[in-house]
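Novice: need a 3D model of the sequence below.
(chains A and B)
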Amino acid sequence: MDWRDTGILLSMRRHGETSAIIDVFTQRHGRHAGVVRGGASRKVAPILQPGAQLDLAWRARLEDHIGAYKVEPLRSRAAAAMGGRLALAGLNAVTALVAFALPEREAHPRLYRRTERLLDLLGQDEVWPLAYLGWELALLEETGFGLDLDRCAATGATESLIYVSPKSGRAVSREGAGEWADRMLPLPPCLRGQGPAPDDEIAQGLATTGHFLEHRLAPALGNKPLPDARARFVAAFLRAGA
Amino acid sequence: MSSNSDIDALIDLMARLPGLGPRSARRAVLHLIRKRTLLLGPLADAMRLVADTARECLNCGNVGTADICDICASHKRGTGELCVVEDVADLWAMERAGVFKGRYHVLGGTLSALDAVGPEDLRIPRLIDRVETEAVSEVILALNATVDGLTTAHYIADRLQGRVRLTSLAQGVPIGGELDYLDDGTISAALRARKEI
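Specialist: Residues are numbered from 1 along each chain as shown, chains lettered A, B, ... in the order given. Now for the predicted structure:
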């Protein structure tokens, strides 16, 4: 068995003295682990930083073996990520959520492309949080918990949509919410791709996507707690905007 | 048990050491046996002694032969500077350079979301305790220039913000390094950290 693909490195851990086991989000093969011989060496280890874009050749005797990778760096994102606190927290949140949410060896090409585009924006702090919010929506969509934000779940209206139902994940208008308004999640315009997306709206959007990550996605994955890295990114974003 | 199986057992144990495999372990054991008086006996004594006395310093996490290591016990090292490192090997590297005269704090790892290593798994609470109880004027974050290392540095910086002066090691061109051979990340970090001459 062998294939060649490109991928984004999610994590690396040492395997024995000289090798490493890497977890990569690949374009056509989804999350896929493999051994990199010599991956713990001084020459190769700096390449294997989370977020790195890699050219990968995977080979194993049987398909269900972990197999071995040969890796070539395409581009490193470590410098962009390490240049700023928000970028670093963002990179950690993305890699941790992908590893948390996606099963191994299941292709998600649309989410892969979005993740690649998002990581290429690292270091551009003025646009990154909004791009990240859109990516979390895409992650929910890809894992089967997408939000339906086009029309009101109660009235069918397409105007004054300012809430999201915490149960159904559907938009709710001001009129449709009625006396339940205080139980609704916020639906800022930026979550529907509208408006200039000031920081406070993005923070509201992150609270809403965070609710569904924590109360819908995580229970479906066996009630694993959400990775701390996401909370750290949100905290870094709120602090940067304060 | 025959003497051969004793030797085989020694070879098996030696082969588990970093950098040694079965073949090199056999060579090492053969060498030790040939230099029995000069090497094997003293080595066995030294290993027994260290096995009996080696422990982690209760204060900083360094490895020593007493509850409080020599560095923490030395009054000369009480400069107010506290250097935070990931591992004892990093502490030893700093000591080899011989330029840092303060004390250390060994975290015992870095934060890692994917490996589920949180602050409570490291010696971060003890670090905060030390900053509050010892006369610490500066905390130097000497962590590896990796994503995990820098994430840990930021986390500690957030926890200690406003309590003490916080610094980190510079990143850039190594001594003897040639620009042509540096990766773009290092060049980028070096350019950001440029200084006037």
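Novice: quick one, helices of chain B?
Specialist: B:3-14, B:22-34, B:41-53, B:70-73, B:88-97, B:124-133, B:147-160, B:184-192 (DSSP state H).
Novice: only C-alpha atoms, please: export the shortest one in PDB.
Specialist: As requested, the backbone C-alpha atoms of helix B:70-73 are provided in PDB (Å, rounded to 0.1, in the frame of the first residue of the first chain):
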ATOM      1  CA  ASP B  70      23.100  22.500  45.100                       C
ATOM      2  CA  ILE B  71      21.800  25.400  43.000                       C
ATOM      3  CA  CYS B  72      18.800  26.100  45.100                       C
ATOM      4  CA  ALA B  73      20.900  25.700  48.300                       C
END
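Novice: do stretch A:22-30 and chain B meet?
Specialist: Yes. Legend: contact between stretch A:22-30 and chain B by CB under 8 Å from any CB of the partner chain is shown at A:D23. In this view, the C-beta of every residue, glycine as well, is placed from N, C-alpha and C.
Novice: kindly export that stretch (C-alpha atoms) in PDB.
Specialist: Output of stretch A:22-30 as PDB, limited to C-alpha atoms (Å, rounded to 0.1, in the frame of the first residue of the first chain):
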ATOM      1  CA  ILE A  22       3.000  12.300  13.100                       C
ATOM      2  CA  ASP A  23      -0.700  13.000  12.800                       C
ATOM      3  CA  VAL A  24      -1.500  14.800   9.500                       C
ATOM      4  CA  PHE A  25      -4.700  16.200   8.100                       C
ATOM      5  CA  THR A  26      -4.300  15.200   4.400                       C
ATOM      6  CA  GLN A  27      -6.200  16.400   1.400                       C
ATOM      7  CA  ARG A  28      -7.400  13.100   0.100                       C
ATOM      8  CA  HIS A  29      -6.900  10.700   3.000                       C
ATOM      9  CA  GLY A  30      -8.200  12.800   6.000                       C
END
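Novice: so which residues on chain B come close to chain A?
Specialist: Checking chain B against chain A by CB under 8 Å from any CB, the hits are B:18-19, B:112-115, B:118, B:145-147, B:150-151, B:154-155, B:171, B:183-186, B:188-189, B:192.
Novice: let's see that with 7 Å instead.
Specialist: B:18, B:113-115, B:118, B:146-147, B:150-151, B:154, B:183-185, B:188-189, B:192 (CB under 7 Å from any CB of the partner chain).
Novice: and whichever residue of chain B sits closest to chain A, what does it touch?
Specialist: Relative to chain A, the nearest point of chain B is B:G185 (3.4 Å; CB to the nearest CB). Contact partners of B:G185, counting by CB atoms under 7 Å, 6 or more residues apart in numbering or on different chains, are A:76, A:78-79.
Novice: and those residues, which of them are buried?
Specialist: Using 16 or more other CB atoms under 10 Å in any protein chain shown as the burial test, the contacts of B:G185 include A:76, A:78-79 as buried.
Novice: helices of chain A, start to end?
Specialist: Under DSSP H, chain A gives helices at A:78-82, A:85-101, A:109-120, A:128-142, A:174-177, A:199-212, A:218-220, A:228-241.
Novice: closest to A:G30 out of the residues of chain B next to chain A?
Specialist: Distance to A:G30, by CB to CB, is smallest for B:L114 among those, at 16.3 Å.
Novice: what's the single longest strand in chain A?
Specialist: In terms of residue count, the longest strand belonging to chain A (DSSP state E) is strand A:2-15.
Novice: next, the buried residues of that strand.
Specialist: A:5-12, A:15.
Novice: that one vs helix B:147-160, what angle?
Specialist: On the basis of axes from the mean of the first three to the mean of the last three CA atoms, to 10 degrees, strand A:2-15 is oriented at 50 degrees to helix B:147-160.
Novice: does chain B have contacts with strand A:2-15?
Specialist: Yes. Under the criterion of CB under 7 Å from any CB, chain B is reached by strand A:2-15 at A:10-11, A:13.
Novice: which of these has the weakest pLDDT?
Specialist: Across the residues of strand A:2-15 next to chain B, the smallest pLDDT goes to A:R13, namely 90.
Novice: spatially nearest residue to it, not counting backbone neighbours?
Specialist: A:I21 (5.5 Å; CB to CB, 6 or more residues apart in numbering or on different chains).
Novice: tell me how many other residues surround that neighbour.
Specialist: 17 (other CB atoms under 10 Å in any protein chain shown).
Novice: ok, now which ones touch it?
Specialist: Neighbours of A:I21 in contact, by CB under 7 Å, 6+ apart: A:13, A:15, A:33, A:35.
Novice: okay, now the unreliable bits of the chain?
Specialist: I went with chain A, as the question did not name one. Applying pLDDT under 70 to chain A flags the ranges A:242.
Novice: um, chain B though
Specialist: In chain B (pLDDT under 70), the answer is B:1-3, B:114.
Novice: quick check: can you list the domain ranges of it?
Specialist: Using automatic domain parsing, the domains assigned to chain B come out as B:2-53, B:68-168.
Novice: from one end of the longest one to the other, what's the distance?
Specialist: Domain B:68-168 stretches 26 Å from its first residue to its last (CA to CA, to the nearest Å).
Novice: now stretch B:90-105
Specialist: 11 Å.
Novice: tell me which two in the buried residues of strand A:2-15 are the farthest apart.
Specialist: Once CB to CB is applied, the buried residues of strand A:2-15 give A:T6 and A:H15 as the farthest pair, at 22.5 Å.
Novice: what is the burial count for residue 156?
Specialist: Using chain A here. The burial count for A:G156: 9, using other CB under 10 Å.
Novice: wait, I meant chain B there
Specialist: Neighbour tally, B:I156, other CB under 10 Å: 25.
Novice: also A:R183?
Specialist: Neighbours of A:R183 (other CB under 10 Å): 11.
Novice: then the one 10 residues further on?
Specialist: Residue neighbour count, defined by other CB under 10 Å, stands at 11 for A:G193.
Novice: for chain B, what is the nearest residue in chain A?
Specialist: For chain A, CB to the nearest CB, closest residue to chain B: A:A79, 3.4 Å.
Novice: contacting residues around that residue?
Specialist: B:184-185, B:188-189.
Novice: mind giving me TSV with the helices of chain A and columns for distance to B:L82?
Specialist: Converted to TSV, the helices of chain A look like this (distance: least, CB to CB, whole Å):
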stretch	distance to B:L82
helix A:78-82	23
helix A:85-101	22
helix A:109-120	35
helix A:128-142	33
helix A:174-177	53
helix A:199-212	35
helix A:218-220	38
helix A:228-241	24
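Novice: indicate which one of the ones you listed is closest to A:E159.
Specialist: Here helix A:174-177 is closest among these (CB to CB), at 9.1 Å.
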